[in-house]
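Asker: Predicted model follows, preceded by the sequence.
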Amino acid sequence: MFMVLLNKVIIFPCNNINKKIVPSIFSLLQIQNCVKSRYRYRTLCSVVLQPDRASTCSESVSKPLFEQHQHSGMDPSLYTAPPEVRGMTCLDKEVFSQTVIVPALRVPKEVLNKLVKSLKKVALQRPGIRRVVEVEGSDDDRLLLLDPASVSSPGSFSDAEAEALQSFGVPQELQRYELRLTYDNLKSEEVLRAVLPEGQDVTSGFSRVGHIAHMNLREHQLPYRNLIGQVIMDKNPGVTCVVNKTNTIDSAYRNFKMEVMAGEENMVAKVRENGVTYEFDFSRVYWNPRLSTEHERVVALLKRGDTVLDVFAGVGPFAIPAARRGCTVLANDLNPESHRWLQHNCKLNKVERKVTTFNLDGRAFIHGPLKQQLPVMMKGTASVHVVMNLPALALEFLDAFRGLLDQGLSCDVNLPQVHCYGFSKEDDPQKDVVERASASLGFSLEGLCSVHLVRNVAPNKEMMCVSFTIPKEVLFSRESTQTEAIEEPAPKRQRCEATTN
Ligand SMILES: C[S@@+](CC[C@H](N)C(=O)[O-])C[C@H]1O[C@@H](n2cnc3c(N)ncnc32)[C@H](O)[C@@H]1O
């Protein structure tokens, strides 16, 4: 315990000791007077000692206290930070330090290991805290620290535990042990619950993208954002940057605006998904770690030699694994930054010869490169897959396939399979997305498609995937939705050769 002895006055931070001990210090030291004051987050106690106790105070504080409290309850709030941290906005780790009392058993060294096994349910378990400690003045015995939430008196032991104690000859006599707890012994939720306003939500959840943790703070958490960021970094090895989303995802390129709450400003993340490495600037492109299962599911449908046309490719999580599986890929994204990192990732994963990239609007991609190459692809036996993962809009892009190809090409062709994503807030999301896809195609897909629930995005909002073979009636329809885009010169086509740094 930190104390300053100033001419028979002791000054010590009250939050550094268990509250139950404070009155004992007072009676023990025969205190004449006590003044409490606040300094930063600490409550300081200045106590004036009786003249004859002052010279020995630092030695006599801990041991007799221990005995005095032998019959009172142990501290069940072991993991509760001191109340003085409430409202802290700039992290001061020292203020979290406190001494708590935990129950302990004095155990002969030679039976310690066996007894610990029998008592594992009630033994103290806390990362960073040793639960077996030395006994002062004895080399034969050790103290086994117990969890005060499980053990408050000898009667707390279960029959099996009591039997084990008896068989090892260990008396069920509880000792009191003063345990020093610091910031390092607390979990992030415990720190934040102690700091943020009482009764308000403390959610400390985040998504991890490489070294970046990104959070979605609520209004009441914003004044604490720097502290929250620091805590998330401290408690999660490998996280060196914590960001808060400052808007919902509504930009055309599906990326978030974000502010750095703590750590380095480096937004270039490196992640691995399903065995593939990706690098990208997280502040400028779309990346969602929650889509890894969906990427894997769709890629598992592909066979060597198939062709994949990825209309909204992002930085490549469908395109690159597809190319690694032996498919030929045309991958497109409107966001120049996504396109740049897509090319970079093709090179990084050595598939630049299998992937041709485009930086076009999805409709222009369908009416341009896709339309140009589809007739040849459809003549082969390998499957052609069109992936359209822009769930907010992709269903509406399906009309781009109406009358896309000339009717003269319509016999004996291998029609493309489409995997198109959509959000739905309807009671029957499956029915909803099939109806919207049908409306966009101008052709009913009922009974002609399969629908997969990808994930629940928000309460009452699902992400769905509709898969179907494009009906001939749509692809070769007389009615076309093609706009001037098709009259434009051939779109810029790039192999992934440029270096991206
Ligand atoms: C939801 S993300 C999906 C990215 C990737 N396929 C994935 O699964 O992570 C949608 C992508 O579509 C791109 N995008 C948005 N509007 C577009 C458009 N009109 N044409 C082409 N790409 C577009 C965005 O830049 C973004 O990279």
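Answerer: Cool, got the structure. Numbers count the residues shown, from 1 in each chain.

Asker: Show me what the residue in the stretch 401-501 of the chain that the ligand sits nearest to bridges to in the sheet.
Answerer: Here the residue of the stretch 401-501 of the chain nearest the ligand is residue 421; by CB to the nearest ligand atom that distance is 7.7 Å. Heads up, the C-betas are built off the backbone N, CA and C, glycines and all. The bridge-partner assignment for residue 421, based on DSSP bridges, gives residue 465.

Asker: What parts of the stretch 1-150 of the chain come near the ligand?
Answerer: Applying CB under 6 Å from any ligand atom, we find that the stretch 1-150 of the chain lies next to the ligand at no residue.

Asker: Where does the prediction get shaky in the stretch 1-150 of the chain?
Answerer: Filtered on pLDDT under 70, the stretch 1-150 of the chain yields the residue ranges 1-79.

Asker: can you rerun that using 90?
Answerer: In the predicted model, the stretch 1-150 of the chain carries pLDDT under 90 at residues 1-83, 100, 125-128, 136-138, 148-149.

Asker: How is the chain partitioned into domains?
Answerer: The chain resolves into domains spanning 1-70, 73-186, 191-266, 288-495 when parsed by automatic domain parsing.

Asker: count of residues packed around residue 200?
Answerer: Applying other CB atoms under 10 Å, we find 11 other residues in the vicinity of residue 200.

Asker: is it true that the residue of the stretch 401-501 of the chain closest to the ligand touches residue 394?
Answerer: Yes: using CB atoms under 8 Å, residue 421 is in contact with residue 394, at 5.4 Å.

Asker: any common contacting residues for the two?
Answerer: By CB atoms under 8 Å, 6 or more residues apart in numbering, residue 421 and residue 394 have these common neighbours: residue 388.

Asker: Export the domains of the chain to a markdown table and append columns for distance to residue 273.
Answerer: Rendered in a markdown table, the data for these read as follows (distance: least, CB to CB, whole Å):
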| stretch | distance to residue 273 |
| --- | --- |
| domain 1-70 | 43 |
| domain 73-186 | 29 |
| domain 191-266 | 10 |
| domain 288-495 | 5 |
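
Asker: And those domains: which comes nearest residue 274?
Answerer: Comparing these by their distance to residue 274 (CB to CB), the top pick is domain 288-495, with 5.0 Å.

Asker: Now residue 104: which helix or strand?
Answerer: In the assignment (DSSP states H and E), residue 104 maps to strand 98-108.

Asker: Okay, buried residues for that strand please.
Answerer: Buried residues in strand 98-108, counted by 16 or more other CB atoms under 10 Å: 98, 99, 100, 101, 102, 103, 104, 105, 107.

Asker: which one of the residues you listed sits closest to the ligand?
Answerer: When the buried residues of strand 98-108 are compared for distance to the ligand (CB to the nearest ligand atom), residue 98 comes out closest, at 45.8 Å.

Asker: Quickly list what the closest one is bridged to.
Answerer: Counting by DSSP bridges, residue 98 is bridged to residue 181.

Asker: is it true that it touches residue 183?
Answerer: No: the pair residue 98 / residue 183 is not scored as a contact, 10.2 Å apart, by CB under 8 Å.

Asker: ok, back up a step: export the buried residues of strand 98-108 to CSV and tack on distance to residue 189?
Answerer: Converted to CSV, the buried residues of strand 98-108 look like this (distance: CB to CB, whole Å):
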residue, distance to residue 189
98, 18
99, 22
100, 18
101, 23
102, 21
103, 25
104, 27
105, 30
107, 32
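
Asker: And for residue 343, the neighbour number?
Answerer: 24.

Asker: again, but for residue 451
Answerer: Residues near residue 451, counting by other CB under 10 Å: 19.

Asker: Closest residue of the protein to the ligand?
Answerer: Taking CB to the nearest ligand atom, the chain has residue 314 as its residue nearest the ligand, at 2.6 Å.

Asker: Tell me who's in contact with that residue.
Answerer: Each residue near residue 314 by CB under 8 Å, 6+ apart is listed here: 254, 285, 286, 287, 333, 338, 342, 389.

Asker: secondary structure class for the fourth one?
Answerer: Classification of residue 287 by DSSP: H, G, I helix; E, B strand; the rest coil places it in coil.

Asker: Kindly report the same for the first one.
Answerer: Three states are possible here, and by three-state DSSP the one that applies to residue 254 is coil.
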